[in-house]
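A.B. asks: with the sequence up front, the predicted model follows.
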2 protein chains.
Amino acid sequence: MSIRYLTARLAQQIDEELMSASGAFSIDQLMELAGLACAQTIATVYPLHGDQQASNSRVLVCCGPGNQGGDGLVAARHLSMFGYKPTVFLPKPGSKDIYKRLQRQTENLAIPTLSSIADLKDSLKETDVILDAIFGFSFSGPVRPPFNEVLPLISKSKLPIVSVDIPSGWDVEKGPVQREVDQSGEKIEEVLMPDVLISLTAPKEGVRTFKGRHFLGGRFVPWGLQEKFALNLPAYPGFEQIVELPSGEGQQRL
Amino acid sequence: MSIRYLTARLAQQIDEELMSASGAFSIDQLMELAGLACAQTIATVYPLHGDQQASNSRVLVCCGPGNQGGDGLVAARHLSMFGYKPTVFLPKPGSKDIYKRLQRQTENLAIPTLSSIADLKDSLKETDVILDAIFGFSFSGPVRPPFNEVLPLISKSKLPIVSVDIPSGWDVEKGPVQREVDQSGEKIEEVLMPDVLISLTAPKEGVRTFKGRHFLGGRFVPWGLQEKFALNLPAYPGFEQIVELPSGEGQQRL
């Protein structure tokens, strides 16, 4: 039995069930575990210590205005606790209460927050790894300012990119697509191509062709929901919060 | 610099600061990370797989009516995700909303919940490890029913016990004490002596004499609070949520 890749509709439905009576999770709980899984993925692939040690410490956490941005803020906090030097890029802060609390938590750790394109450009010169937590599975184009500028800047930086759930700008079902900018008809030339992907709960249809290192996080889906949606999730090792999926896992099933 | 052992007053103050502006944490976040640390401690000391493998899977999670009971419910959920077969013993469910949601989450995982002393007695015959999440650092005696019966039953079971933060019945500053039952003057003969302790945030004064394996969890205390209270927390390894303290760590400083 192979792992199930989710359509946008299914991903939305599972998210809703996790927060309804069949999951009973609060958004605080889900974001905490999702963000922790993102931070642990970075610490696994770009460790501060050990054989693969490099100057991996400066992580630029790029956050969108939705729930995935919240995952990014949680990840930034845990990365700081792990000894990394995260910086948050947050051009459009979300308005929900949880978002403000998570921002406050990064401020309490003295994690710098940037918001302008000029600051982003400067910061990219002093970054080792990018965490892309801009758009999640509920995003549908076009890409509105300032993100029409942000996505190409991140791509062109040639820095290692770890994307959360679905690489920003990709279609959740069709994968890499050239998005339009606003309603102008102009297209974003660069399509974001991350090195690493951390799928949350279950991978989405659009990442079947992804060829980099692919992790799964969100070890909290109740058995009943796993069965109901025939997720066929892989076994997580020990008490870990992430599991690496075999390379090319998705392609074999196309 | 050695790790700081907290008085009851300090522990309370740090807890409040974590949830005030200087921490900005929600109770959901703190319990999630605390409960995860408890589950990981059990999985470390009593693993399901590996050299030390034994029949460790049946964990009886004993929960009190306060926040520590909530940590226990979260731990039970994570233990289930790790492949353990937890059972929750919850004779006096807490009334807070979060407590009800956490209970619902264990129900969603089909984790059995027991509430009577008779059920506890039966369950102890089919338990490999006990997680003691009954009383936390804010408890002060006497021990009211049904816990005056629960504590000796757990002690006399001779099963391995993992206590959360402060072994239930111990004085948060004085350590092991013979508690009175209610206002009767009668004393509880058995003092709970756990094999393993998982201190949360920072160890409490009362556990200085503890001689078993001692872990620390709660890798979320902002740097500013760590400094303000001179906690001198040890370095956690890698991206782990728990760290083992050297044996006899507390005694050296008495």
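C.D. replies: Sure, I can see it. Numbering: from 1, shown residues only, chains lettered A, B, ... in the order given.
A.B. asks: show me where chain A has strands.
C.D. replies: Per DSSP state E, chain A has strands spanning A:59-63, A:87-89, A:113-114, A:129-133, A:161-164, A:196-200, A:213-217, A:242-245. These are given in chain order.
A.B. asks: nearest to chain B: which residue in the stretch 51-200 of chain A?
C.D. replies: Minimum separation of the stretch 51-200 of chain A from chain B (Cβ to the nearest Cβ) falls at A:Arg104, amounting to 3.9 Å. C-betas here are computed from N, CA, C, even on glycine.
A.B. asks: so how far is B:Lys96 from the nearest residue to that residue once chain neighbours are set aside?
C.D. replies: Closest residue in space to A:Arg104, ignoring its immediate chain neighbours: B:Ala24 at 3.9 Å, by Cβ to Cβ, 6 or more residues apart in numbering or on different chains. When Cβ to Cβ, to the nearest Å is the yardstick, B:Ala24 and B:Lys96 sit 20 Å from each other.
A.B. asks: mind listing what's buried along stretch A:84-92?
C.D. replies: In terms of neighbour count (16 or more other Cβ atoms under 10 Å in any protein chain shown), stretch A:84-92 has its buried residues at A:84-92.
A.B. asks: mind checking if it is in reach of chain B?
C.D. replies: No. With Cβ under 8 Å from any Cβ of the partner chain as the measure, stretch A:84-92 is seen stopping short of chain B, the closest distance being 9.7 Å.
A.B. asks: tell me, what residue is most central in chain A?
C.D. replies: Closest residue to the average C-alpha location of chain A: A:Val164 at 1.5 Å, with Cα atoms, centre = their mean.
A.B. asks: which residues does that residue form beta bridges with?
C.D. replies: Applying DSSP bridges to A:Val164 yields these beta-bridge partners: A:Ile198.
A.B. asks: might you list the low-confidence residue ranges for chain A?
C.D. replies: Judged by pLDDT under 70, chain A has its weakly predicted residues at A:50-54, A:248-254.
A.B. asks: how about the residues of it by chain B?
C.D. replies: Residues of chain A lying near chain B by Cβ under 8 Å from any Cβ: A:21-26, A:28-29, A:32-33, A:39-40, A:43-44, A:47, A:49, A:77-78, A:81-82, A:98, A:101, A:104-105, A:108-110, A:219-220, A:222-224, A:236, A:238-239.
A.B. asks: make a ChimeraX selection of the buried ones in these.
C.D. replies: Buried members of the residues of chain A next to chain B can be picked out in ChimeraX with the line below, counting by 16+ other Cβ under 10 Å:
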select /A:22,23,24,25,26,28,29,32,33,39,40,43,44,47,77,78,81,82,98,101,105,108,109,219,220,222,236,239
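A.B. asks: ok, now which ones touch A:Ser140?
C.D. replies: The contact partners of A:Ser140, by Cβ atoms under 8 Å, 6 or more residues apart in numbering or on different chains, come to A:Asp171.
A.B. asks: switch the cut-off to 10 Å
C.D. replies: A:Ser140 sits next to A:8, A:171-172, A:179 when contact means Cβ atoms under 10 Å, 6 or more residues apart in numbering or on different chains.
A.B. asks: from A:Gly169, how far out is it?
C.D. replies: A:Ser140 is 11 Å from A:Gly169, by Cβ to Cβ.
A.B. asks: and if you look at A:Pro203?
C.D. replies: The separation that A:Pro203 has from A:Gly169, given Cβ to Cβ, amounts to 17 Å.
A.B. asks: ditto for A:Leu90
C.D. replies: The value you get for A:Leu90 to A:Gly169, if Cβ to Cβ is used, is 18 Å.
A.B. asks: what do you get for A:Leu73?
C.D. replies: Looking at A:Leu73 against A:Gly169, where the rule is Cβ to Cβ, the gap reads 20 Å.
A.B. asks: wait, doesn't A:Ala76 sit right on A:Thr113?
C.D. replies: Yes. When contacts are counted by Cβ atoms under 10 Å, A:Ala76 is listed as touching A:Thr113 (9.1 Å).
A.B. asks: that older thread, common neighbours of A:Ser140 and A:Gly169, please.
C.D. replies: Here A:Ser140 and A:Gly169 have A:Arg179 as joint contacts, going by Cβ under 10 Å, 6+ apart.
A.B. asks: can you give me the helices for the stretch 101-250 of chain A?
C.D. replies: Applying DSSP state H, counting those that start in this stretch to the stretch 101-250 of chain A gives helices spanning A:117-124, A:147-156, A:223-228.
A.B. asks: how far does the longest one sit from its chain's centre?
C.D. replies: Meaning helix A:147-156. The gap between where helix A:147-156 is centred and where its chain is centred comes out at 16 Å by Cα atoms, centre = their mean, to the nearest Å.
A.B. asks: just give the nearest non-adjacent residue to A:Pro152, would you?
C.D. replies: Once chain neighbours are set aside, the closest to A:Pro152 by Cβ to Cβ, 6+ apart is A:Glu190, at 4.3 Å.
A.B. asks: just give the number of residues close to the one you found.
C.D. replies: With neighbours defined by other Cβ atoms under 10 Å in any protein chain shown, the count for A:Glu190 comes to 13.
A.B. asks: hang on, it packs against A:Lys158?
C.D. replies: No. Proximity of A:Glu190 to A:Lys158 does not meet the contact threshold set by Cβ under 10 Å, at 11.0 Å.
A.B. asks: of the helices of the stretch 101-250 of chain A, flag the one that's most buried.
C.D. replies: Between the helices of the stretch 101-250 of chain A, helix A:147-156 has the highest mean count of neighbours, a mean of 20, where neighbours are mean count of other Cβ atoms under 10 Å in any protein chain shown.
A.B. asks: tally of neighbours for A:Ser55?
C.D. replies: The burial count assigned to A:Ser55 is 9, neighbours taken as other Cβ under 10 Å.
A.B. asks: swap in A:Ile198?
C.D. replies: A:Ile198, neighbours per other Cβ under 10 Å, totals 32.
A.B. asks: show me what contacts it?
C.D. replies: Taking Cβ under 10 Å, 6+ apart as the criterion, A:Ile198 is in contact with A:34, A:37-42, A:44-45, A:71, A:75, A:131-133, A:162-165, A:213-218, A:242, A:244.
A.B. asks: can we see that at 6 Å?
C.D. replies: A:Ile198 makes contact with A:38, A:41, A:164, A:215, A:217, according to Cβ atoms under 6 Å, 6 or more residues apart in numbering or on different chains.
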